[in-house]
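In: When you get a sec, could you give me coordinates for this:
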Amino acid sequence: MTTVNNTALFIVHLPSLSPDCYRPLSQPIANLTRITAKRLLVVLVSEEFDDAAGIPSEHSRHGNVERDEVHWHAIQRLLTFVYVQASKVAAEQDNLLLQIDVLLKTPHQLRTHRLDSQRGDEEVVNVVYRFENDHLEVSPSLARASQRRLGSLGPHASSTINDAQDEQDEPKKFSTPLSRFPVIALGGTFDHLHAGHKILLSMAAWLASERLIAGVTDTSLLGSKSNNEYLEPLETRIGRTRAFLELFKPSLTYDVVPIKDVYGPTGWDPDVQALVVSRETLSGAAAIATHRAAHDLPALETFVIHVISAKDESIVLEDAVELRKAKMSSTAIREWIAARVGREYD
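Out: Numbers count the residues shown, from 1 in each chain. Take a look at the predicted model:
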């Protein structure tokens, strides 16, 4: 009989961001999702991430635009692929509330950072796997980590990734540093935080060097949502959004605030330099641009995420198909909850 774990940690070493390096992860991720009941934490480890998940660069605002664009698309494709593999199996298993988190770390960060948020995660990890050289195994050096606290696994996990590297080595710096925007904004309902939300939040955090503003739609604006009785309270949505961001990139300052219009802080804050939106919310970005121009506020650079909606087909076609199958939307999750509640009373 297959053992089902409440929480599983999957550590993956990627020599590059080429799809050829991560496509072999499809089956291992699917297998792990099938035997995980509550939470799957996937930590992707590569020198290619550089300062992308927490180590600020003093040159971070003066990068190469062409190289940054390549990284933007490569990291978005990677995150999408991993989230899709886990989400589609969770849907097949009728486990839409499985918490799936994907982190980006360099080997240095994995040695020095906690793998939980700074708010004090008391979660127990039941099993730890590693994937390297196309081989999945229960990590020998972490075999005794079963039933240990998630936050204690950061330094211990380093030996599963790169035993040959001296722990005193400095993290690798690219000759052409990544560009960053000090203050970035985004917004959303963030109800039942799912993979689509997490891709949006991750890419916004990846671009920011100092502060990220996340506007969370106030409950007063959500009365027309289907199955709105199963909407999470505003405080829950804010708390879970903040917790994920602090987990993904703990070096940033996060302003996670309720918003009662399309603008939120972008309607008055002159310090915001960029806006991250999904393709389906581009009209909101246009409204923000018009509003800022009318109020003599600096124009914002807009970055579009192509993988948020299960209806979006602008990324790799096979991933878009799987996104639809995975029902990656808050609406679908509320429908699923409503159906389960209905069955309980039938």
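In: Would you mind giving the domain segments of the chain?
Out: In the domain annotation for the chain, the residue ranges read 5-160, 181-345 (automatic domain parsing).
In: so for the first one, what's the average pLDDT?
Out: When pLDDT is averaged over domain 5-160, the result is 73.
In: cool, and the longest one?
Out: Confidence over domain 181-345 (mean pLDDT, whole number) is 86.
In: just to revisit the earlier point, mind putting the domains of the chain into CSV with mean neighbour count?
Out: Bear in mind the C-beta positions are built from the backbone N, C-alpha and C, glycine included. Shown next, in CSV, are those (neighbours: other Cβ atoms under 10 Å):
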stretch, mean neighbour count
domain 5-160, 18
domain 181-345, 18
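In: so residue 329 makes contact with residue 192?
Out: No - shown here, residue 329 and residue 192 do not form a contact pair, counting by Cβ atoms under 8 Å, at 9.2 Å.
In: now the strands for the stretch 151-300 of the chain?
Out: Ranges of strands within the stretch 151-300 of the chain are 181-188, 208-217, 253-259, 274-278, based on DSSP state E, counting those that start in this stretch.
In: which residues touch the second one?
Out: Just to be clear, that refers to strand 208-217. Contacts with strand 208-217, where a contact means Cβ atoms under 8 Å, 6 or more residues apart in numbering, come from 56-57, 60-61, 180-190, 201, 204-205, 234, 237-238, 241-242, 245, 249, 252-259, 264-266, 269, 271-272.
In: Apply 7 Å and report the result again.
Out: 56, 60-61, 180-190, 204-205, 234, 237-238, 241, 245, 252-259, 264-265, 272 (Cβ atoms under 7 Å, 6 or more residues apart in numbering).
In: strand partners of that strand, parallel vs antiparallel please.
Out: Each strand that pairs with strand 208-217, with its direction, by DSSP bridges: strand 181-188 (parallel), strand 253-259 (parallel).
In: As CSV, those with distance to residue 10 would be great.
Out: Formatted as CSV, these follow (distance: least, Cβ to Cβ, whole Å):
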stretch, distance to residue 10
strand 181-188, 27
strand 253-259, 26
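In: between those strands, which gets nearest to residue 105?
Out: Comparison of these against residue 105 by Cβ to Cβ identifies strand 253-259 as nearest, at 18.8 Å.
In: Contacts for the closest one next, please.
Out: Here strand 253-259 makes contact (Cβ under 7 Å, 6+ apart) with 187, 210-218, 234, 238, 241-242, 245-246, 264-265.
In: With adjacent residues omitted, what lies nearest to residue 303?
Out: Nearest non-adjacent residue to residue 303, counting by Cβ to Cβ, 6 or more residues apart in numbering: residue 276, 4.8 Å away.
In: How about the contacts made by that neighbour?
Out: With contacts taken as Cβ under 7 Å, 6+ apart, residue 276 has the following neighbours: 184, 186, 200, 203, 204, 207, 303, 305.
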